[in-house]
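>>> Sequence and predicted structure below; questions after.
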Amino acid sequence: MSHTLRTLRITAAALFLSTPVFAQDADTVVATVNGTDITLGQMISVRETLPQQYQQLQPSVLFSGILDQLVQQTLLAQTVEGDISKRSALTLQVQRTAVLANEAIANEIAKRVDETAIQAMYDVKYGNFQGSPEFNASHILVETEEEAQAIATEIRAGADFAETAKEKSTGPSGPRGGALGWFGPGQMVPEFEQAVAELSVGEVSNPVQTQFGWHVIILNESRTQPAPTLEEVRGELEIDVENEIASAYIAELSAEADVDRSAGGDLDPTLISRFDLLEN
């Protein structure tokens, strides 16, 4: 910084990137700026709050970039003398309150989240789970209704559906006997889906027209989508439990607290856009 006579003394743990030689913890000093330490914990804290697109960068790139940022910020912070502006003071106050609030929630969650709470949330969400219907069907696709009707008649008379599909279907599933596998609501065009839903297992449909042509369909199996296992939705359940605990804890604190909002009752709501008030 050319405008200051101060001698800058900046040292970084450059060897950290290549040859770690000591145990590291959050208090490990990575660099000093005019005697002010920058620690590994500070770097990790910055990394934790990075936008998702930066989280994917290589560790070496992140390490260098975050260290540069903290060094530059420390240099700039050291030039501020005396009282800071009202804007900065209020920003620090709000940020400190937010950090402490997050700490309080995290502490409460750590005390209350356990397998019993997760199982209870699973029971609430999935105890009476009613899954969507799913179908396993095969079809034969042809160009005309007449062809489709003739094929349906052949199959009802005893012709093998899969072999007939291999021989006559123009669709991409023809070589595998017309098999479509399992599918659920919304995965097929509406006309096809409706026709399948009306079939009994083993029943062959009348010709069904869609944008692709004419279909002859057989329903091989049907089932109801099962509820997911607890492990499959564990992450979702943990978030739900944590949110529930946070809401309950805030409600408990609010019920016991003396909160008076009357002072703001007569204020014009547009005042929160008066950024000039922070300049004093």
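Arrived safely, thanks for sending.

>>> which residues are contacting stretch 41-56?
The contact list for stretch 41-56 (Cβ atoms under 8 Å, 6 or more residues apart in numbering) reads 25-28, 30, 62-63, 66-67, 69-70. (Glycine included, C-beta is placed from N, CA and C.)

>>> correction: stretch 238-254
Against stretch 238-254 from outside (Cβ under 8 Å, 6+ apart): 104-105, 108-109, 112-113, 117-118, 121, 125.

>>> hang on, Ile218 in a helix?
No. Per DSSP: H, G, I helix; E, B strand; the rest coil, Ile218 lies outside any helix segment and is strand.

>>> circling back to that earlier point, what's the ChimeraX line that selects buried ones from the contacts of stretch 41-56?
Per 16 or more other Cβ atoms under 10 Å, the buried members of the contacts of stretch 41-56 correspond to this ChimeraX selection:
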select :30,62,63,66,67,70
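
>>> and which of the contacts of stretch 41-56 is nearest to Glu163?
The closest of these to Glu163 turns out to be Leu62 (Cβ to Cβ; 59.4 Å).

>>> how about the strands of the protein, start to end?
Here the chain has its strands, by DSSP state E, at 10-12, 29-33, 36-39, 133-142, 179-183, 208-210, 213-224.

>>> Export those strands as CSV, with columns for distance to Ile272 and mean pLDDT.
Formatted as CSV, the strands of the chain follow (distance: least, Cβ to Cβ, whole Å; pLDDT from 0 to 100):
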stretch, distance to Ile272, mean pLDDT
strand 10-12, 41, 47
strand 29-33, 37, 95
strand 36-39, 35, 96
strand 133-142, 51, 97
strand 179-183, 51, 96
strand 208-210, 55, 97
strand 213-224, 51, 97
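
>>> Just name the most buried of those.
strand 133-142 (a mean of 21; mean count of other Cβ atoms under 10 Å).

>>> Quick one: the contacts of stretch 41-56 as JSON lines, columns for distance to Ala152 too.
JSON lines is the format used below for the contacts of stretch 41-56 (distance: Cβ to Cβ, whole Å):
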{"residue": "Asp25", "distance to Ala152": "74"}
{"residue": "Ala26", "distance to Ala152": "72"}
{"residue": "Asp27", "distance to Ala152": "77"}
{"residue": "Thr28", "distance to Ala152": "75"}
{"residue": "Val30", "distance to Ala152": "75"}
{"residue": "Leu62", "distance to Ala152": "63"}
{"residue": "Phe63", "distance to Ala152": "68"}
{"residue": "Ile66", "distance to Ala152": "68"}
{"residue": "Leu67", "distance to Ala152": "72"}
{"residue": "Gln69", "distance to Ala152": "70"}
{"residue": "Leu70", "distance to Ala152": "73"}
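
>>> ok, Pro133 touching Gly184?
Yes. Look at Pro133 against Gly184 with Cβ atoms under 8 Å: they come within range, at 7.0 Å.
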